[in-house]
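Enquirer: Make a model of this:
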Amino acid sequence: MALSNNLTAVLNFIAFLCSVPIVASGIWLASQPDNECIHFVRWPVVLLGLLVLVVSLTGFVGAYWYKETLLAFYLCCMAILIALLLTLLVFAFVVTRPDGGYAVPGRGYREYRIEGFSSWLQGHIVDSKNWGAIRACLAESDVCSRLTRSYLTADQFFAGHISPLQVISSSFSS
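Expert: This next block holds a predicted model:
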């Protein structure tokens, strides 16, 4: 077996081993009670894990036993998988790049307004069906209760450096 095939087989075996926890975490997420915060994540995680598992297993078998058809199939599938993941990454950066934050005098944190975010994200959040799910997710989380434990007075809160999620949660918790 050539060095390149050995290297391809080893790398695909490692990718196969790494895909097992991805699939397991997706199955674990799917088995959790219906939680609005992970509703959109559970099945894509399982699907991504299974795709990586199948593609890496195909690459391992093709490289280890030098099956040219499997190697060709592996290369095509890996190219498609990489292109899809890059597309998802670019989409995530484009959607989340404008963060909507602006400095407020006398505050240790930034304020956030919906107008400062990308138009796709604005439309997604403003939609009443999506906003209900987002609000339920924020209500389920313990962000607000942690804020009340961390900052005892209003002055401490206004001077504190808090995350954007904490700012949004404190704005919409009422």
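
Enquirer: dump the residue contacts of the closest residue to residue 112 other than its chain neighbours.
Expert: When the adjacent residues along the chain are set aside, residue 112 lies closest to residue 100, with 4.7 Å between them (CB to CB, 6 or more residues apart in numbering). (C-beta placed from N, C-alpha, C; glycine too.) Residue 100 is in contact with 112, 113, 114, 115, 116, 117, counting by CB atoms under 8 Å, 6 or more residues apart in numbering.

Enquirer: Derive a PyMOL selection command for the buried subset of these.
Expert: Selecting only the buried entries of the contacts of residue 100 in PyMOL, with 16 or more other CB atoms under 10 Å as the criterion:
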select buried, resi 112+117
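
Enquirer: just the contacts of residue 100 now: which is nearest residue 12?
Expert: Closest approach between the contacts of residue 100 and residue 12, by CB to CB: residue 117, at 39.7 Å.

Enquirer: Could I get the pLDDT score of residue 52?
Expert: Residue 52 is assigned a predicted lDDT (pLDDT) of 93.

Enquirer: thought it was touching residue 18?
Expert: Yes. Between residue 52 and residue 18 a contact is recorded at 7.4 Å, counting by CB atoms under 8 Å.

Enquirer: out of those two, which sits in the more crowded spot?
Expert: Comparing residue 52 with residue 18 by neighbour count (other CB atoms under 10 Å), the higher total belongs to residue 52, at 20 against 13.

Enquirer: Residue 98 belongs to a strand?
Expert: No. Assigned with DSSP: H, G, I helix; E, B strand; the rest coil, residue 98 falls outside any strand and is coil.

Enquirer: any idea how far residue 65 is from residue 56?
Expert: 15 Å (CB to CB, to the nearest Å).

Enquirer: Who has more neighbours out of these two?
Expert: Using other CB under 10 Å as the criterion, residue 56 and residue 65 rank with residue 56 on top: 23 against 12.

Enquirer: Residue 13 is in contact with the more buried one, correct?
Expert: Yes. Under the criterion of CB under 8 Å, residue 56 makes contact with residue 13 at 7.5 Å.

Enquirer: gap between the residue nearest in space to the middle of the chain and residue 91?
Expert: With distances taken as CA atoms, centre = their mean, residue 41 lies nearest the centre of the chain, 7.4 Å away. As judged by CB to CB, residue 41 and residue 91 stand 15 Å apart.

Enquirer: closest to residue 60 among the contacts of residue 100?
Expert: Taking CB to CB as the measure, residue 60 lies nearest residue 117 of the contacts of residue 100, at 42.7 Å.
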